[in-house]
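**Student:** The following comprises the amino acid sequence and a computationally predicted model.
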Amino acid sequence: MAAEYLEVAFNLPLNSIFSYSLPEGEERSPEELIGCRISADFGRRKLTGWVVSAGDTLPEGVREAKPVHRVLDDQPLFSDDLLELAKWISGFYLCSLGEALSVMLPGAKREKDLPPLGLGGEEEEARKAVTLSDEQSLALETIVGSSDSYFYLYGITGSGKTEVFLRAAEDVLAKGKSVIFLVPEIALTHQMIDDISGRFETKPAVLHSHLTPSQKLKEWRRIQSGEARIVLGARSAVFAPVKDLGLIILDEEHETSYKSGSTPRYHGRQLAMKRCRIAGAKLLMGSATPSVEAWSMMEKGVFKKLVLKQRPAGGGLPEIRVIDLKQSKSLLSQELIRTMESVLQEKKQVILFLNRRGHSYYFHCKSCGYEMKCRQCSIPLTFHKNRNRMICHYCGYQSPPLTQCPDCGSMDVGYAGFGTEQVEEQVAAVFPQARLARLDTDSVRKKGVLQETISSFKRGDIDILLGTQMVAKGLNFPGVKLVGIVLADTGLSLPDFRAAERSFSLITQVAGRAGRYRNDGLVLIQTMRPDNHAVVCGSRGDLQGFYDWELEQREIMAFPPFGRLIRIVYRGKDGKKVLDALEGLTESFRNAGLPDVMGPAECPLGVISGNFRYHTLLRCSEDFTGIHRVAAQIIEGTEVPRNVYREIDIDPVQLL
């Protein structure tokens, strides 16, 4: 019997599929529309949904099905394997099928007159052939010739991981298969386009969040048709509808930006592993600072470890020195200033790194101790001098700067702490002749600024580049001799079990920008905590020492990789109502005999955007599948009160 109805999923937190009939005049059968988007009435709203199957009977109690308004796609947007992946996401990350599909697929309204998509910049001529080092050749031969599925290219910064990635991609493309190349930042997408241009026969398709929905849909169709067989992009490119997937490359595996911050809270690494399993493809990961979990999996042999210890371009590892800022009266120590002067006189370039934007991040009254916090969040406002505003970096709330204390009226008020704006001011004052540029999310708001700044620095038109994490990852600048980490401590005090790992990784990655093509690279690390383990190991390049120490701490706490976590956050305007609701769910977990239930407790960031936040953690040191199944049943069977919102995070990367 032929199917008569469309089974539709919507981007709503409802674990239900809804039946609709075909719109008038639609010549395709329900089966032919599986994978297409439709527009339909849902209650009083008109929503876009996804056809996930075809049915020949209506659900019990439903007498007739409304027709959909129209079908939005000429051809299905997703294949059977992507639908299988969406169902897995729904089950594993505890979200609805519609929520899983919504994160996978482009959101353009209709396929009409899609604008052409420019990749930015002129396509460069094919690069000269690069001769691989013995280490690179061995790694490539292992990847190409081995029957293993998961590979990890662990190499020092500047060791030529990208060349191995691209050679592995060439091999897969030559066999008629497709490649997905994931990078953690959109800034790195631009650089990879430069690296790939002219190297492969077809232009890479590009997928990232800065594309409009119509541009994304246009790229989606290029990939789906087989025209683009190599896809480049940030986290969401893992869903690219490639034909005959042969390889997924996941660069800078350690980066937390591979983890989604909204429902479904998927991790790009987990999704890449799942897609490769479904397609019988290989997964090639790489980083100079693997995540602690990846390091553990390499040691256990789950990931095949490939090591690169040398820099093929000839650069040596930089000299690294630690400067105790407690001995300095300024945020630019005398040693850093003297070294910058020397480097600039040699006509070489400097990178300064500080992982905090704005001018000052702490306003206080020296008379009564008042602190100016966001009125909607439990965190201090940051002063942005260029815009003359106090701004919350979590909810966006803004306020004019104060000149007197609102509590006691004292004029003895001031700002403490410093961000990139203040460092920029001080550097400009000390080096007025130097060409200085700042890269952070404030400075790159205007379209094209990010790419132009990176290109200018690469050409040598900028002497000093100051920035946040944007300058820390994967960027290669031959003229850089000195890297200065203005303050290495910004993440160390966060109440999060990954704080040391993130700080160590940032120090190592930023230090890796120096000496990539030369033997006289220099890194100066300014810190208030010169004895901190992450700082000490980062300054010595002692990865083994850091991972051994960190794994020991994690094992004591039964935290990843020795245990897995499920985090449930409840939030809402009424703090008591939020806490009462989460206490009820937490009690259900305990009554079900789940072994390690922690909470409920106030989140470290207790209020964001006026919402009170509480969380409960489930820690699983064994039988994660069983605990996940029981937790899922309890969560699905527990109603969330009106105006209270629930967030479920499987394997969270932070607990803030």
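**Tutor:** Right, received. Where do you want to start?
**Student:** is it true that residue 401 touches residue 384?
**Tutor:** No: when contacts are counted by Cβ atoms under 8 Å, residue 401 is not listed as touching residue 384 (9.3 Å). Backbone N, C-alpha and C define where each C-beta goes, glycine included.
**Student:** Let me see the ranges of the strands in the stretch 1-150 of the chain.
**Tutor:** Applying DSSP state E, counting those that start in this stretch to the stretch 1-150 of the chain gives strands spanning 5-10, 18-21, 37-42, 45-55, 70-71, 150-155.
**Student:** what are the pairing partners of the fourth one, and which direction each?
**Tutor:** What that stands for is strand 45-55. strand 5-10 (antiparallel), strand 37-42 (antiparallel) (DSSP bridges).
**Student:** follow-up on the earlier one: between residue 401 and residue 384, tell me which one has more neighbours.
**Tutor:** residue 384 (20 against 17; other Cβ atoms under 10 Å).
**Student:** quick one: the more buried one and residue 443 touch, right?
**Tutor:** No: contact criterion Cβ under 8 Å: residue 384 and residue 443 do not qualify, at 11.1 Å.
**Student:** To which secondary structure element is residue 535 assigned?
**Tutor:** Assigning secondary structure by DSSP states H and E places residue 535 in helix 533-540.
**Student:** For that helix, name the packing helices and strands.
**Tutor:** Judged by 3 or more Cβ pairs under 8 Å, 6 or more residues apart in numbering; DSSP states H and E, helix 533-540 is in contact with strand 319-324, helix 499-511, strand 522-527, helix 543-557.
**Student:** shared neighbours of residue 401 and residue 384, which are they?
**Tutor:** residue 390 (Cβ atoms under 8 Å, 6 or more residues apart in numbering).
**Student:** thinking again about what came up before, pull the residues that contact the helix holding residue 535.
**Tutor:** Contacts of helix 533-540 (Cβ under 8 Å, 6+ apart): 320-322, 488-489, 492, 500-501, 503-504, 507-508, 511, 525, 527, 529-530, 542-543, 545-546, 549.
**Student:** Between strand 319-324 and it, find me the angle.
**Tutor:** 150 degrees (axes from the mean of the first three to the mean of the last three Cα atoms, to 10 degrees).
**Student:** could you dump helix 533-540 to PDB, C-alpha only?
**Tutor:** Provided in PDB are the C-alpha atoms of helix 533-540 (Å, rounded to 0.1, in the frame of the first residue of the first chain):
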ATOM      1  CA  HIS A 533      52.000  23.700  37.000                       C
ATOM      2  CA  ALA A 534      50.300  24.700  33.700                       C
ATOM      3  CA  VAL A 535      52.600  27.800  33.300                       C
ATOM      4  CA  VAL A 536      55.800  25.800  34.300                       C
ATOM      5  CA  CYS A 537      55.000  22.900  31.800                       C
ATOM      6  CA  GLY A 538      53.900  25.300  29.100                       C
ATOM      7  CA  SER A 539      57.100  27.400  29.400                       C
ATOM      8  CA  ARG A 540      59.300  24.300  29.200                       C
END
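**Student:** Make 41 the first number, not 1, from now on.
**Tutor:** In the new numbering, first residue 41, that becomes helix 573-580.
**Student:** Can you get me the centre-to-centre distance for it and its chain?
**Tutor:** Per Cα atoms, centre = their mean, to the nearest Å, the displacement of helix 573-580 from the mean C-alpha position of its chain is 24 Å.
**Student:** returning to that earlier point: give the PyMOL command for selecting the buried subset of the contacts of helix 573-580.
**Tutor:** Here is the PyMOL command that selects the buried residues among the contacts of helix 573-580 (16 or more other Cβ atoms under 10 Å):
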select buried, resi 360+362+528+529+532+540+541+543+544+547+548+551+565+567+569+570+582+583+586+589
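**Student:** Hmm, residue 206 is touching residue 239, no?
**Tutor:** Yes: contact criterion Cβ under 8 Å: residue 206 and residue 239 qualify, at 6.5 Å.
**Student:** Need the distance between the two termini of stretch 49-56.
**Tutor:** Stretch 49-56 has an end-to-end distance of 7 Å (Cα to Cα, to the nearest Å).
**Student:** now swap in stretch 358-377 and tell me
**Tutor:** The first and final residues of stretch 358-377 sit 18 Å from each other (Cα to Cα).
**Student:** Check stretch 626-639 too.
**Tutor:** Span of stretch 626-639 from end to end, Cα to Cα: 7 Å.
**Student:** how near is residue 357 to residue 199?
**Tutor:** In this view, residue 357 and residue 199 are 10 Å apart by Cβ to Cβ, to the nearest Å.
**Student:** Strands of the stretch 391-540 of the chain, residue ranges please.
**Tutor:** With DSSP E, counting those that start in this stretch as the criterion, the stretch 391-540 of the chain has strands at 402-405, 422-424, 429-431, 438-439, 453-456, 476-479, 504-507, 520-525.
**Student:** Okay, domains of this protein per the record?
**Tutor:** As assigned by automatic domain parsing, the chain contains the domains 45-144, 174-348, 359-398+458-595, 604-690.
**Student:** What mean pLDDT does the longest one get?
**Tutor:** Confidence over domain 359-398+458-595, taken as the mean pLDDT, stands at 87.
**Student:** Kindly report the same for the shortest one.
**Tutor:** Averaging pLDDT along domain 604-690 gives 95.
**Student:** for the second one, same thing?
**Tutor:** Confidence over domain 174-348, taken as the mean pLDDT, stands at 92.
**Student:** end-to-end on it?
**Tutor:** End-to-end distance for domain 174-348: 10 Å, by Cα to Cα.
**Student:** before we move on, what about the first one?
**Tutor:** Domain 45-144 stretches 24 Å from its first residue to its last (Cα to Cα).
**Student:** cool, the shortest one as well?
**Tutor:** Taking Cα to Cα, the span from the opening residue of domain 604-690 to its closing residue is 8 Å.
**Student:** do stretch 287-295 as well
**Tutor:** 20 Å.
**Student:** Minimum distance to residue 184: which of the strands of the stretch 391-540 of the chain has it?
**Tutor:** Nearest to residue 184 among those is strand 520-525 (33.1 Å), distances taken as Cβ to Cβ.
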